[in-house]
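Asker: how does the following fold in three dimensions:
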Amino acid sequence: MAIINKPSLTENQLAERWGLSIKTLQDWRRKGTGVAYLKLGKAIRYPHEVVEKYETEHMAGGV
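Answerer: Numbers count the residues shown, from 1 in each chain. The predicted model follows:
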């Protein structure tokens, strides 16, 4: 089990970081696409490490 060093992002924080609407993140969760998340009760959290890995894996463009 990985130890999470940074606090997880909220849905609002991730939407702002990526310039997306909260609805888009909700749609991705409903469809089972997008970045992995934690559901703690009713709270949705996105671990920093998971978000950063997703960003790296989905980078577009040349070097």
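Asker: surely V50 meets V35?
Answerer: Yes. Using Cβ atoms under 8 Å, V50 is in contact with V35, at 6.2 Å. Every C-beta, even on glycine, is put in place using the N, C-alpha and C of the backbone.
Asker: show me the helices in this structure, by range?
Answerer: Using DSSP state H, the helices of the chain run over residues 11-18, 22-31, 48-57.
Asker: burial measure for R30, as a count.
Answerer: Neighbourhood size, R30 [other Cβ atoms under 10 Å]: 9.
Asker: if you could redo that for Y46, that was the one I meant.
Answerer: 21.
Asker: that one: what's it in contact with?
Answerer: S8, L9, T10, E11, Q13, L14, V35, A36, Y37, L38 (Cβ atoms under 8 Å, 6 or more residues apart in numbering).
Asker: surely the first one meets L38?
Answerer: Yes. With contacts defined as Cβ under 8 Å, S8 counts as touching L38 at a distance of 6.6 Å.
Asker: the two - which one has more neighbours?
Answerer: Each of S8 and L38 has its neighbours counted (other Cβ under 10 Å); S8 has more, 19 against 12.
Asker: do you know how far that one is from A60?
Answerer: Using Cβ to Cβ, to the nearest Å, one obtains 25 Å as the distance from S8 to A60.
Asker: check G19 too.
Answerer: According to Cβ to Cβ, G19 stands 15 Å off from A60.
Asker: need the contact list for I44.
Answerer: Residues in contact with I44 (Cβ under 8 Å, 6+ apart) are T10, E11, R29, Y37, L38.
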